[in-house]
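**Student:** Take a look and give me a structure for this.
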Amino acid sequence: MHTVVLVLVEVLIVIGLSRLVGLAFRWINQPLVIGEIVAGILLGPSFFGLVAPGLAATLFPPETVPFLNVLSQVGLIFFMFLIGLELNPKYLSGNLEVAILTSHVSILVPFSLGTLLAVLLYPLVSNGSVSFTAFALFLGAAMSITAFPVLARIITENNLQGTRLGTLALTCAAVDDVTAWCVLAVAIAVANTGSFSKAIPTIIYSLVYIGFMVTLGRSFLDRFAVYYRRTGRLSQLVLALIYMGVVASALITELIGIHLIFGAFLLGAIMPKNAELVKELAVKTEDFVLIFLLPVFFAYSGLRTEIGLLNSPELWLLSLTVLGVAIAGKYIGTYVAARVCGIENREASALGWLMNTRGLTELIVLNIGLSLGVISPLLFTMLVIMALVTTFMTSPLLEMTYPKKLMMLDVLEPEPEEATSDDDTAIEDIYPISYRILVPVANPSTQKGLVQLAVAIAMNSQQSAVVQPLSLIQLQEDYAFESTPVEAERLIAQRRYQIEELIERLEPSSYRSYVHPIVRVSNNVARETAQIALLEQANLILVGWHRPAFSKNRLGGRVGQILVTAPVDVAVFVDRGEERLERLLVPYSANIHDDLALVLALRLLVNSDTRHLQILQVVENQQVKNELSNELRNIMEQLPRSVRDRVDITVVESTEPIQAVVAASESVDLTIAGTSRAWGIERQTLGRYTDELAIECRSSLLITRRYNQVTSHLAPILIQEVTSNQ
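**Tutor:** Next up, the predicted model:
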């Protein structure tokens, strides 16, 4: 009973540390799985055993290791089933001829270099009980692996799944995955039998089983898809039968003499790719496997990783040689093959770095090799370091080779078609699109008012303008099913449909063609919003207010991050459900943020001849009222009289300026206020916002934060007004 309790304590520690370290790695823009692998290594002799050997021996004694091994093997079986389940034939639909050549060269080159490296390593790091053939085959296979799951998530996070680079990388990785697993199966068969000739029966049995599963097995599984289409749900009985099939298939491949993970992978690969069935099956399976079982596998691997074995400069040099051969083989093989196929330099280089990703798949391969005795603990440690480094370097090298701004140019949707003027000449032919509002939309079903306000600010007859609703789908986990490229595309299409429905409800209908949505996947909404605002040269970001989950602060959370980081003017809309925008109020205290508030109010006034604006100045006891800035005085002088006549300036004496604004807001539709201490919405030095006016305001509220005093929201309109009046 003591051992069982100790194993549960170990699992508790493993899950907690895996989450913490994984999230830390996500924060530095690395795959979650790399952090979880590092967490496993930290629990082993490389760190925990070194820093606190007594405590490590107490918490992770040798008698508990077999229990961790059993849990990790169960986790591997179902994880490989998930990988096979997600191996969608769609990935093989684009550039297949180019992908097959590129993928096989990207396997052949590192495999050849790996076998040559085996000549050097075999006498130095092999234990001598394994044949050179098995050692060379296994090392070559380990060098050839590309981690399809990690690569697929990197492609999704960078929104490359719809680009030529993304589709080609997915196709190459899918072909690579199948080929590399076959090579590995041969290596395992040779390792189990001792020679290639003795492994031939095992290879034949494997081919027979694969043929059986692809034909009769797939035909039988198709009945599950038929049943699912009829019932629309995956019952516990059907799920139990599928899980029994996973375990049975794993046992069969283990008995054949390759490895149990191949059977699980094969069953997942031949499962009917009904989108809803695959999604429900993956969602029901992945949480327990990825949160509970897989971290145990990382811990088990960490307990077997001993960086202390690299105890001399010669061994570290050997480790660097292994790393160099792995990187050179994968990158050069992929790059040269891609260039031969006519792919341009930048894309070929980016493809090389993507294919160099090894991740968790490599760790699975290495554990198999260590368990079979094909590789020694020393070589295992070297190859674990190689797997971590090659995966860690993928994102920064991809960014260096193929910067985000270039990726976005490939991903971002084309400009909307511009409406034409009476003489059939496009507005943009006379004036380029000179005003853009970017509108982050979290929930399209509830944010019509936000987009409607953006249309009201942007659209007028004198200036070409575009409103861009921006919907960023945030994927929290690396290995969640929703982060697969196929599922991400489905989520993007679903969200785009919702936004298009929102656009169809906007008034007036003539402006709908100027509303052009952007839908993307993102792992950091605030950062991505700022990057897109720069790329699109937005004049204004108009964001809706959302109550933060862990704070009462109205301007905290993502809204606060956008306010702080966005390199353009920002306005935050607190919607009280008032659809009319006829009566506007701007409390003015003579700072740059209030200037922006007044400029946006004047733009609304210019865009409609029925709106009225009240400028409210609150002074204390005979205090001199705040004068308008020079910029605003010049703007007011240039406004047509028909606009100036609809502007009233009211001066109120009060020692409570916020309460004066609240009282005035009762009779208006929209209050527009700058982030100012006077209105209780100034960003404080401790990084926190006060939000008195946001809480108490009786009308809808627009809070403005000015970033750049050079940006003008009215000048182009005023120039054209002056020109038209001459």
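**Student:** Averaged pLDDT, the helix or strand harbouring Thr171. What do you get?
**Tutor:** In the assignment (DSSP states H and E), Thr171 maps to helix 164-193. Along helix 164-193, the predicted confidence averages to a pLDDT of 84.
**Student:** Following element in sequence after that helix, please.
**Tutor:** Past helix 164-193, the next helix or strand by DSSP H and E is helix 196-212.
**Student:** same for the helix holding Thr171, what does it pack against?
**Tutor:** Under the contact criterion of 3 or more C-beta pairs under 8 Å, 6 or more residues apart in numbering; DSSP states H and E, helix 164-193 touches helix 96-125, helix 132-144, helix 148-157, helix 196-212, helix 260-270, helix 345-355, helix 359-372. Placement of C-beta: from N, CA and C, glycine included.
**Student:** and the angle from the fifth one to helix 359-372?
**Tutor:** Right, helix 260-270. Taking axes from the mean of the first three to the mean of the last three C-alpha atoms, to 10 degrees, one finds that helix 260-270 is oriented at 140 degrees with respect to helix 359-372.
**Student:** Give me the packing partners of helix 260-270, helices and strands only.
**Tutor:** Packing contacts for helix 260-270, counted by 3+ C-beta pairs under 8 Å, 6+ apart, involve helix 65-86, helix 164-193, helix 196-212, helix 236-256.
**Student:** Could you point out which residue ranges in the stretch 1-150 of the chain have low pLDDT?
**Tutor:** 1, 92-95 (pLDDT under 70).
**Student:** sorry, back to before: the helices and strands packed on helix 260-270: which one's closest to Cys341?
**Tutor:** Closest to Cys341 of the helices and strands packed on helix 260-270 is helix 164-193 (C-beta to C-beta; 9.2 Å).
**Student:** Ranking helices and strands of this structure by mean pLDDT, which lands last?
**Tutor:** helix 427-430 (a mean of 41; mean pLDDT, DSSP states H and E).
**Student:** Run the chain-centre distance for the one helix or strand Ser471 maps to.
**Tutor:** Ser471 belongs to strand 465-474 when elements are defined using DSSP H and E. On the basis of C-alpha atoms, centre = their mean, to the nearest Å, the separation between the geometric centre of strand 465-474 and that of its chain is 17 Å.
**Student:** Over to stretch 170-189?
**Tutor:** On the basis of C-alpha atoms, centre = their mean, the separation between the geometric centre of stretch 170-189 and that of its chain is 27 Å.
**Student:** That stretch: which residues count as buried?
**Tutor:** For stretch 170-189, the buried set under the neighbour-count rule, 16 or more other C-beta atoms under 10 Å, comprises 170-177, 179-189.
**Student:** What of stretch 486-505?
**Tutor:** Neighbour count says stretch 486-505 has 486-488, 491-492, 495-496, 498-499, 502-503 buried, by 16+ other C-beta under 10 Å.
**Student:** what's the closest of those to Val7?
**Tutor:** Comparing the buried residues of stretch 486-505 against Val7 with C-beta to C-beta places Glu487 closest, at 34.5 Å.
**Student:** how far away is the nearest residue to the closest one once chain neighbours are set aside from Phe224?
**Tutor:** Closest residue to Glu487 in three dimensions, ignoring its sequence neighbours and counting by C-beta to C-beta, 6 or more residues apart in numbering: Phe481, at 5.7 Å. According to C-beta to C-beta, to the nearest Å, Phe481 and Phe224 sit 17 Å apart.
**Student:** Which one of the two is surrounded by more residues?
**Tutor:** Phe481 (23 against 19; other C-beta atoms under 10 Å).
**Student:** from what I can see the more buried one touches Ala282, true?
**Tutor:** Yes. Using C-beta atoms under 8 Å, Phe481 makes contact with Ala282 at a distance of 3.8 Å.
**Student:** Now the common contact residues for the two.
**Tutor:** Counting by C-beta atoms under 8 Å, 6 or more residues apart in numbering, the contacts common to Phe481 and Ala282 are 82, 86.
**Student:** quick one, strands of the stretch 551-700 of the chain?
**Tutor:** In order along the chain, the stretch 551-700 of the chain carries the following strands (DSSP state E, counting those that start in this stretch): 569-574, 583-587, 612-619, 647-653, 670-674, 700-705.
**Student:** so which of these gets nearest Leu360?
**Tutor:** Between Leu360 and the strands of the stretch 551-700 of the chain, the shortest gap by C-beta to C-beta is with strand 569-574, which sits at 39.6 Å.
**Student:** angle of that closest one against strand 670-674?
**Tutor:** Note on geometry: by the same axes, to 10 degrees, strand 569-574 and strand 670-674 are set 140 degrees apart in direction.
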